[in-house]
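Undergrad: next come a sequence and a model predicted from it.
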There are 2 protein chains.
Amino acid sequence: MRYSPEHKTTMKKHLLAVAGAETKKKGFAAVGVDGLMHAAGVTSGAFYSHFSSKNELFKAVVEAELQDSIQMLVGNPHQDLAAWLHHESNRYLTMSHVRHPEAGCVLPALGAEIARADAGVKDMCEQQMLDARNMLAKRLGDDTAAWGFIAQCVGSLLLARAMANEETQQEVIQASRQFLQRAITKDSDRTPPEK
Amino acid sequence: MRYSPEHKTTMKKHLLAVAGAETKKKGFAAVGVDGLMHAAGVTSGAFYSHFSSKNELFKAVVEAELQDSIQMLVGNPHQDLAAWLHHESNRYLTMSHVRHPEAGCVLPALGAEIARADAGVKDMCEQQMLDARNMLAKRLGDDTAAWGFIAQCVGSLLLARAMANEETQQEVIQASRQFLQRAITKDSDRTPPEK
DNA sequence: GTCTATACGCGGATAGAC
DNA sequence: GTCTATCCGCGTATAGAC
């Protein structure tokens, strides 16, 4: 055959990476198969030897992106709560993340489109997020803090990106970092208010 | 003339309401002018006597939606912080809001598309959000709590809608309510933990 | 202001050659 | 597996009648 046996696997990975970046940047509905394949360096006809439909691509993209994101959470080495939170804030709640959705978390970029997707996509997303919740609950104490942390991070990034000026974007993500500190590290290592 | 003088104003309001619901439900990129006008009870040709382009419609929709949302915030009558927060949670962080994006806040539904829009849309959005921040800061104490509250609400709803099962959706918004209570009402009116 | 009709491009998807 | 070529539908937007 003209193509090496691992070529298909390699190309599929490549397609997922390119599709992830393109769709996070422009929105899944706004990217076409043609433009996507062109960005990947091949022609549109080759698409359907990897995915049976555009919707299947969406599911594959979201799954790969969520796995990547969770791996980053797992990679946080800190045991101390304040240090852990500081590490995550420096990774997620940054101006670089605000400016570059194509290289960032899938949820602020495509969350609304996931919400509108079919049950298969949402099922997969839910399983991944429940994994993330379990992992976070061990670090943060309980499920409330786990979900609250995720929602705060995702919402803050979404909000910051909808702002026009960098100053306001910066204000939003800075506020979110402080808000998380107040909410999460307060119980364990803050002295009670004197009043 | 065949149309009453206030007909245009009335129709434009009607169009904005229909467009708001349709786009929050399906995404702005996914709704066409034709389907939109059909849902509004007229034909597509009439669209351009109200808006010069689809993009102008987007700006008008986002502006109207944000104004509505801020009016709801202003309408919260409670002075007591805990009561104020309870009122907002019962209004925003509900299963009904999760299930019906077409009748809900524009940010979880169209936030990512606002982020990808031109500077005019984001400028307008920023002005509205700065107003909301100012108003919330008076109630919640400072800008940190204001932005944190908004991000938490928006992120929680986005996250819940991306989940497949109602139980998980409920878990997310319940966690968010508790998380906000911890973060916001803790300083003022909670008794310190006994431990 | 709204209608019908239409121009024109790009969307997803398929067929058959190599 | 990838390429070229193509079908078909829907997208935005416009022109002209009423």
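TA: Nice, thanks for sending it over. Residues are numbered from 1 along each chain as shown, chains lettered A, B, ... in the order given.
Undergrad: A:Glu171 against B:Asp143, yeah?
TA: Yes. With contacts defined as CB atoms under 8 Å, A:Glu171 counts as touching B:Asp143 at a distance of 7.1 Å. For the C-beta atoms, the positions are set from N, CA and C on the backbone; glycine is no exception.
Undergrad: show me the shaky parts of chain A.
TA: Chain A contains residues with pLDDT under 70 at A:1-2, A:187-195.
Undergrad: just to revisit the earlier point, give the residues shared as contacts by A:Glu171 and B:Asp143.
TA: Contact with both A:Glu171 and B:Asp143 is made by no residue, according to CB atoms under 8 Å, 6 or more residues apart in numbering or on different chains.
Undergrad: A:Ala146: what's it in contact with?
TA: Taking CB under 8 Å, 6+ apart as the criterion, A:Ala146 is in contact with A:Ala132, A:Arg133, A:Asn134, A:Leu136, A:Ala137, A:Leu140, B:Ala175.
Undergrad: could you find the closest non-adjacent residue to the second one?
TA: Read it as A:Arg133. Of all residues beyond its chain neighbours, the one nearest A:Arg133 is A:Ala146 (4.6 Å), with distances taken as CB to CB, 6 or more residues apart in numbering or on different chains.
Undergrad: and chain A, which residues reach DNA strand C?
TA: Applying CB under 7 Å from any atom of the strand, we find that chain A lies next to DNA strand C at A:31-35, A:44-45, A:47-48, A:52-55.
Undergrad: in chain A, which residue sits nearest chain B?
TA: Residue of chain A nearest chain B, by CB to the nearest CB: A:Gly155 (2.4 Å).
Undergrad: now the residue most central in space within chain A, nearest residue through space, not along the chain?
TA: The residue lying closest to the centre of chain A (CA atoms, centre = their mean) is A:Cys105, at 2.2 Å. Distances taken as CB to CB, 6+ apart place A:Ser69 nearest to A:Cys105, at 5.4 Å, with adjacent residues excluded.
Undergrad: if I look at the residue lying closest to A:Asp131 once chain neighbours are set aside, how far off is A:Glu63?
TA: Excluding its sequence neighbours, the residue lying closest to A:Asp131 (CB to CB, 6+ apart) is A:Ile70, at 6.4 Å. Here the distance between A:Ile70 and A:Glu63 works out to 11 Å (CB to CB, to the nearest Å).
Undergrad: what does A:Leu15 give?
TA: From A:Leu15 across to A:Glu63, the span is 14 Å (CB to CB).
Undergrad: please identify which of these two sits among more neighbours.
TA: A side-by-side neighbour count of A:Leu15 and A:Glu63, using other CB atoms under 10 Å in any protein chain shown, places A:Leu15 first with 23 against 17.
Undergrad: can you tell me the helix or strand for the more buried one?
TA: For A:Leu15, the enclosing helix or strand under DSSP states H and E is helix A:7-26.
Undergrad: got the CA coordinates for the helix or strand just after that helix in PDB?
TA: Note on helix A:7-26: by DSSP H and E, the next helix or strand toward the C-terminus is helix A:33-40. Presented in PDB, the C-alpha positions along helix A:33-40 are these (Å, rounded to 0.1, in the frame of the first residue of the first chain):
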ATOM      1  CA  VAL A  33     -14.800  20.400   6.700                       C
ATOM      2  CA  ASP A  34     -13.100  21.900   3.700                       C
ATOM      3  CA  GLY A  35     -11.300  24.700   5.600                       C
ATOM      4  CA  LEU A  36     -10.400  22.200   8.400                       C
ATOM      5  CA  MET A  37      -8.800  19.700   6.100                       C
ATOM      6  CA  HIS A  38      -7.000  22.500   4.300                       C
ATOM      7  CA  ALA A  39      -5.500  23.700   7.600                       C
ATOM      8  CA  ALA A  40      -4.400  20.100   8.200                       C
END
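Undergrad: could I get the buried residue list for helix A:33-40?
TA: A:Val33, A:Leu36, A:Met37, A:Ala40 (16 or more other CB atoms under 10 Å in any protein chain shown).
Undergrad: so what's the residue nearest to the last one when sequence neighbours are not counted up against?
TA: I take that to be A:Ala40. Using CB to CB, 6+ apart and skipping residues adjacent in sequence, the residue nearest A:Ala40 is A:Val18, 4.4 Å away. Residues counted as contacts of A:Val18 (CB under 8 Å, 6+ apart) are A:Leu36, A:Ala39, A:Ala40.
Undergrad: closest one of those residues to DNA strand C?
TA: A:Leu36 (7.3 Å; CB to the nearest atom of the strand).
Undergrad: is it correct that the closest one is in contact with A:Glu22?
TA: Yes. A:Leu36 is within contact range of A:Glu22, at 5.8 Å (criterion: CB under 8 Å).
Undergrad: quick check: the gap between the nearest residue to A:Ala115 once chain neighbours are set aside and A:Phe28.
TA: On the basis of CB to CB, 6+ apart, the spatially nearest residue to A:Ala115 that is not a chain neighbour turns out to be B:Arg161, at 3.6 Å. For B:Arg161, the distance to A:Phe28 equals 15 Å [CB to CB].
Undergrad: ok, A:Pro108 next?
TA: Relative to A:Phe28, A:Pro108 is positioned 14 Å away (CB to CB).
Undergrad: more crowded one of these two?
TA: A:Pro108 (29 against 24).
Undergrad: name the SS class of the more buried one, please.
TA: Under the three-state scheme (DSSP: H, G, I helix; E, B strand; the rest coil), the conformation of A:Pro108 reads as helix.
Undergrad: and for A:Pro77?
TA: coil.
Undergrad: so which bits of chain A are right by DNA strand D?
TA: Contact residues (CB under 7 Å from any atom of the strand) of chain A with DNA strand D: A:2-3, A:7-8, A:11, A:37, A:42-46, A:49-50.
Undergrad: change it to 6 Å
TA: Contact residues (CB under 6 Å from any atom of the strand) of chain A with DNA strand D: A:Tyr3, A:His7, A:Lys8, A:Met11, A:Val42, A:Thr43, A:Ser44, A:Gly45, A:Ala46, A:Ser49.
Undergrad: for PyMOL, what selects the buried ones among those?
TA: This is the PyMOL syntax for the buried subset of the residues of chain A next to DNA strand D, where burial follows 16+ other CB under 10 Å:
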select buried, chain A and resi 11
